[in-house]
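>>> Curious how this folds, go ahead:
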Amino acid sequence: MEWSREENRIYARDAAGKLLAEVTFPALETLKKSFPKEALAKLTPISGEEKRGVVVIDHTFVDDSLRGQGRAGELMLACREELLASGRAAIPLCPYAVAWFKKHPEKADVVALKD
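Below is the predicted model:
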């Protein structure tokens, strides 16, 4: 599958323009008002300078027509590659992203907060 990229978003559409899959990872700085306070408290060891390079993986989506084909995993790999290339780290909040990084600890080098 060919992925399209925008700032803090990777996605795919079909020929008709229907969204088939996406992951969004906005910058932490843009989410301060809506970020869960308990999660924000965990960030205290991360300095203000480091926080500028942190994103939050807050959403993944794969259309029903693609389920069971490994597309969500491909999407997470593309997200990780994007983060590595840009020198950023991620805080996974989306349940799928959390589970994916737990299942693939060798890929969790981009995760900003470890349990």
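>>> What is the subsequent helix or strand relative to the longest helix along the chain?
As far as residue count goes, and with DSSP state H defining each element, the longest helix of the chain is helix 71-86. Using DSSP states H and E, the helix or strand that directly follows helix 71-86 along the chain is strand 89-92.
>>> Tell me what Glu22 is bridged to.
Tyr11, Phe61 (DSSP bridges).
>>> Make 11 the first number, not 1, from now on.
Okay, using 11 as the starting number, the last item reads as Glu32.
>>> My guess is it contacts His69. True?
Yes - Glu32 is in contact with His69 according to C-beta atoms under 8 Å; the separation is 7.2 Å. All C-beta atoms are positioned from the backbone trio N, CA, C, and that covers glycine.
>>> Among the two, which residue is more densely surrounded?
Glu32 (19 against 15; other C-beta atoms under 10 Å).
>>> Could you check how many residues crowd around Glu16?
In terms of burial, Glu16 registers 9 neighbours under the definition other C-beta under 10 Å.
>>> let me fix that: Arg90
Once other C-beta under 10 Å is used to define contacts, Arg90 is seen to have 20 neighbours.
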